[in-house]
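Participant: Kindly return the folded structure for what I paste below:
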Amino acid sequence: MSSSNSGGSLDGQQSASELTGNFEITGTEGKKSPSPDMSKRVAAKERIQQYYSQLTEGCGNDSCTNENCASSSSFRFKDIDRNKLAVEAISLSKDKAELCERRPSKVSRLPTPEGKQEGGPSCSPANVSAPSPSSTSLSSSTTSVATSVTAPGGPVGQGAKAKVPSPTSSCKLDLTANSSAKDREPEFLTEELLNRVIEECQAKKSWSRLIHLIGSVFNNPESILLSFRVKNESTHNPTSACDTDINSTSKALGTGTPMDCSESDSKLNSSLVSSDRKLSSTVDAGDVYPLDLASLRRAYSHLAEVPDQPFQGALINALLALAPTVDRDIRYRGALDRDPNYILVFVVVLEIPMLHWPEYLENAFPSICRAVGQLPVLYQARLAHIWAGFGAEKLRDMVHSLQQLITVQVINNELNWSATRRPGDIPAITGATRVLKILYYASMLGGKMDPLDLVEEEKRLSEADSLQEHMQGAFGFEIKDSTPPKEDPLGQQLGVQVIHCREPLVPWEDFINEPLNDNLELGDDYTNYRLESENKFSFVPYHFILTTASKHTSMYYDNRIRMLHERRAAFVQTLVHGGPPNPFLRVRVRRDHIVDDALVNLEMIAMEYPSDLRKQLFVEFEGEQGLDEGGVSKEFFQLIVEELFNPDIGMFTYNEQSHHFWFNSMSFENDAQFTLIGILLGLAIYNSCILDIHFPMVVYRKLMGKKGTFKDLYDVDPTLMKSLSEMLDYNDDDFQEVFEQTFRIGYKDVFGNNLTYDLKEGGENIFVTQENKLEFVDLYADYLLNKSIEQQFRAFKRGFLMVTSESPLRQLFRPDEIEVLVCGSKIFDFQALEKATTYDGGFTEDSTTIRHFWSVVHALPEEEKRKLLQFTTGTDRVPVGGLSKLKMIVARNGPDSDRLPTSHTCFNVLLLPEYSSEDKLRDRLLKAINYSKGFGML
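Facilitator: Numbers count the residues shown, from 1 in each chain. Okay, the predicted model is just below:
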């Protein structure tokens, strides 16, 4: 597949099944002969469908005498629901019951001249082709996956539950036939026309006209583009779809400068605006918009209320024909280049409220999603801008419909997964995921974004405060050039990053699909991502659909690959230059001097071999025999964090209300200490260790390049945040007399001395008023969160980036998710831990000792439960994803004895003697978890 934007998907990924079988049609070439067994199955399926159609819709002959036909007055299944009729269809097929010759055909979606709407019936199938493109309006070859009805009596409709014909059935598309209707103008829909046709059909008790209208409009992109125009635009001239000069997307959405989408066509940024949405004042009064969204939604609502949905089969078949037509128009005929409004075809179709119904989820909805997902990035960005104006409720409905499609596909294929068949190989899943990405960015665009001037300022600060400058500050070295993480093409096109969105229209959690995550082989998926194969799809670029635990696993694979790379490089260095091999990042410390030893070790490594920080961590406690397979590192992190965050050291201050630590701007510790904490934080993430660190969220935002603002102040100082909020909310005229506040603020140092700081020059003489109170609040927050701790935080960030600069951390995770990576989950669900625990050495879940063990554990207070986790795993923190992700093993350690339980923290193994009673088990277990420290060899 070409990587060109002219026809590629947004990320350049496309599975082999999508490349070879996106839309199945039949022409003069490429026909394959099905096997005999396949032919029999197809024939049987078609025959059952014919009986079902006869039972639900009839043959269209009012004088029919077949008691198994719905058209007959003696029809014997009048009061039976459609599910039972489906069973009867199978029985009739087995019995080879009478099948009406004039059974209902699939509906033609070609425009039919008005003169052919009434008259006698004729139901013989015929192959048809579409009209040729108009010279003034971009139209594709309108095709039909169904047989045509050419009789004057018009087509006989399909029932509400009509099945879509199989791709291998006789009603395949034939592109070799010539059309006799190529000069006809396409039909189109308006709200008034649709309502009138529905009323007429209800009066005549025949839905033929509605079925024909729906089929003829929705299989033809030209007809869709002419439908539901605004009142002041011509709805009779087909050329208006191309000739309308409309306003830009960014202008209509009030986003300021128009998006630069194309140098050759200024109309590319044209937008759709509904009459029920308030426009920005920047939109000129004379602008013309091609689609009346409010009218479209009212019409769809009326259509959805039609009893039994008799048009459903026609609509499904029309959408199945529309998807390949649109795909060919865009890929090979330059539809979007000639007519930017062509993209509104997707807007109209995806507004259909029935798409999430089971009948549409099977074929029609997936085919449309695949067509949308293969749009060039340029036009996906435009769709995101359009959908951003739809509001939270509509976007949420669209997201839920796509999630339903993905979930249904996952469940339907659950028993078929294999090494060669993964969720990424299912076109319906990948297509829906690509559309979800567009909605993901639309949700951000329409949500609460950081102001543009703030984003620009952060960008300038980031460029000035480069990684190399960070290194110069503490250790005087520069690391090798690192490859920057890949940026998402759609985000790049839109100029949007997740970190800049404070609150999206649709919550982040709504984009996560749990069933999909449960069925993903993350190792294979990450391999596809690393190989960058065009024929393999990976969910890593679509991280919004993954849980934090799944993303953590993907990053784990990335980190392990880097560790192996560094290990190989170390062996090569040994072979070339001699000396002992050094495949690990070895840190040797004494328990009573852990901070000093760690600082010396890591400082020397960072100065001489900075790349060693990306090796696997291996910790040794002097005088102890523990071999670090993970457990020793966990205790190392816990002990050093306790030491560094001790209030007596004075590096951090602790807020009793928020229970968070904050940088002490008056600390006497040098920058190296803060750099050490940054390195430790990076090493913990890199080596999948969890720390007992309580930073406010703004710390993680700042690590990702953001500035602290007034909105971040609550987690740092809730009392101050409340006071400043009251100031902002106070609107009376006596503001100055009530607050008596100037632009000079006061604070205390570590010794309790009163100090002052002017937020602006001459601040002592500038009073805060109604006019400048917002400026005062912003300056105050900027001082506390940025300027006052600038030196300390720069050193801290420097250490963090030494380890994580090449990691996909920023690409995959939001600040709140990074907090979970560092601190672990906050939910202590020991019921989930019990379900996830396995047993060894003769124990089973039904063993008496095991039942006693869990009875004791569930009765413990939370503090004791934390100690049990500490004793068994080396840390009292809950892993990412909860305790269900902790693979703990309880193993039998001999018969009943007075020995205490022991553990292998590296492997999360608890060794438990087979105690004779529950009381004895409780006594020994509590002694073990309360009086354990250090490592020894058993």
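
Participant: So which elements touch the longest helix out of those in the chain?
Facilitator: In the chain, taking DSSP state H as the definition, the longest helix is helix 548-577. Secondary-structure packing of helix 548-577 (3 or more Cβ pairs under 8 Å, 6 or more residues apart in numbering; DSSP states H and E): helix 522-531, helix 809-812, helix 815-823. Heads up, the C-betas are built off the backbone N, CA and C, glycines and all.

Participant: those helices in the stretch 351-500 of the chain, which residues are they?
Facilitator: 358-361, 364-373, 377-388, 392-412, 427-446, 452-464, 467-474, 489-494 (DSSP state H, counting those that start in this stretch).

Participant: And the helix or strand residue 738 falls within, how far out from the chain middle?
Facilitator: Here residue 738, judged by DSSP states H and E, is contained in helix 735-739. Here the centre of helix 735-739 is set off from its chain's centre by 48 Å, with Cα atoms, centre = their mean, to the nearest Å.

Participant: And for stretch 199-212?
Facilitator: The answer for stretch 199-212 is 42 Å, by Cα atoms, centre = their mean.

Participant: What residues sit buried inside that stretch?
Facilitator: Across stretch 199-212, burial judged by 16 or more other Cβ atoms under 10 Å covers 201, 206-212.

Participant: any idea how far residue 712 is from the most centrally placed residue in the chain?
Facilitator: Centroid-nearest residue in the chain, with Cα atoms, centre = their mean: residue 544, separated by 2.6 Å. Distance check for residue 544 against residue 712: by Cβ to Cβ, to the nearest Å, it reads 23 Å.

Participant: Any regions of the stretch 51-200 of the chain where pLDDT drops low?
Facilitator: 101-186 (pLDDT under 70).

Participant: and if you look at the chain?
Facilitator: 1-42, 101-186, 231-289, 465-485, 533, 579-580, 626-630, 750-751, 933-938.

Participant: how about the strands in it?
Facilitator: All strands of the chain, identified by DSSP state E, fall at 448-449, 501-503, 584-589, 616-621, 652-655, 660-663, 744-748, 754-758, 838-840, 889-892, 902-904, 909-912.

Participant: What helices and strands are in contact with the last one?
Facilitator: Counting contacts by 3+ Cβ pairs under 8 Å, 6+ apart, the secondary-structure elements packed against strand 909-912 are helix 862-873, strand 889-892, strand 902-904.

Participant: Please name the nearest non-neighbouring residue to residue 838.
Facilitator: residue 889 (5.4 Å; Cβ to Cβ, 6 or more residues apart in numbering).

Participant: partners of the one you found in the sheet?
Facilitator: residue 838, residue 909 (DSSP bridges).

Participant: Pull the contacting residues for it.
Facilitator: Contacts for residue 889 (Cβ atoms under 8 Å, 6 or more residues apart in numbering) come out as 837-840, 907-910.

Participant: count of residues packed around the closest residue to residue 640 other than its chain neighbours?
Facilitator: Spatial nearest neighbour of residue 640, excluding adjacent residues (Cβ to Cβ, 6+ apart): residue 594 at 5.3 Å. Close neighbours of residue 594, defined as other Cβ atoms under 10 Å, add up to 18.

Participant: Hmm, residue 594 is touching residue 642, no?
Facilitator: No: look at residue 594 against residue 642 with Cβ atoms under 8 Å: they stay out of range, at 9.3 Å.

Participant: still on that earlier bit, return the distance of the longest helix of the chain from the chain's centre.
Facilitator: 27 Å.

Participant: any idea of the angle that helix forms with helix 815-823?
Facilitator: Helix 548-577 runs at 60 degrees relative to helix 815-823, counting by axes from the mean of the first three to the mean of the last three Cα atoms, to 10 degrees.

Participant: Show me which positions of helix 548-577 end up buried.
Facilitator: For helix 548-577, by 16+ other Cβ under 10 Å, it's 548-559, 562-563, 566-567, 570.

Participant: hmm, back to that, do you know which of the helices of the stretch 351-500 of the chain lies nearest residue 598?
Facilitator: helix 467-474 (15.0 Å; Cβ to Cβ).

Participant: Now do stretch 612-624: distance to the chain's middle.
Facilitator: That offset, for stretch 612-624, works out to 37 Å (Cα atoms, centre = their mean).

Participant: Repeat that for stretch 78-90.
Facilitator: On Cα atoms, centre = their mean, the centre of stretch 78-90 falls 41 Å from the chain's centre.

Participant: again, but for stretch 424-437
Facilitator: 11 Å.

Participant: Export only the CA atoms of that stretch, formatted as CSV.
Facilitator: Taking Å, rounded to 0.1, in the frame of the first residue of the first chain, the C-alpha atoms of stretch 424-437 are listed here in CSV:
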residue,chain,number,x,y,z
GLY,A,424,-6.0,-7.0,14.3
ASP,A,425,-6.7,-9.3,11.4
ILE,A,426,-10.5,-8.7,11.5
PRO,A,427,-11.3,-5.8,9.1
ALA,A,428,-14.5,-4.9,11.0
ILE,A,429,-12.5,-4.4,14.2
THR,A,430,-9.6,-2.4,12.6
GLY,A,431,-12.0,-0.2,10.6
ALA,A,432,-14.1,0.7,13.7
THR,A,433,-10.9,1.4,15.7
ARG,A,434,-9.7,3.8,13.0
VAL,A,435,-13.0,5.7,13.1
LEU,A,436,-12.8,5.7,16.9
LYS,A,437,-9.4,7.6,16.6
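
Participant: What's the separation between the nearest residue to residue 521 once chain neighbours are set aside and residue 435?
Facilitator: Spatial nearest neighbour of residue 521, excluding adjacent residues (Cβ to Cβ, 6+ apart): residue 422 at 6.1 Å. To residue 435, residue 422 is 20 Å away according to Cβ to Cβ.

Participant: One more: residue 585?
Facilitator: Residue 585 is 43 Å from residue 435, by Cβ to Cβ.

Participant: Also residue 568?
Facilitator: 41 Å.

Participant: Then residue 455?
Facilitator: Noted for residue 455: a distance of 27 Å to residue 435, by Cβ to Cβ.

Participant: what's the closest residue to residue 642 other than its chain neighbours sitting at in phi/psi?
Facilitator: Excluding the flanking residues, the one nearest residue 642 by Cβ to Cβ, 6+ apart is residue 692, at 7.5 Å. Backbone geometry at residue 692, expressed as degrees, to the nearest 10, gives phi -90, psi 70.

Participant: pretty sure residue 692 is touching residue 877, no?
Facilitator: Yes: counting by Cβ under 8 Å, residue 877 is a contact partner of residue 692 at 6.4 Å.

Participant: Those two: who's more crowded?
Facilitator: Each of residue 692 and residue 877 has its neighbours counted (other Cβ under 10 Å); residue 877 has more, 23 against 16.

Participant: The more buried one is in contact with residue 693, isn't it?
Facilitator: No: if you go by Cβ under 8 Å, residue 877 and residue 693 don't touch, sitting 9.8 Å apart.
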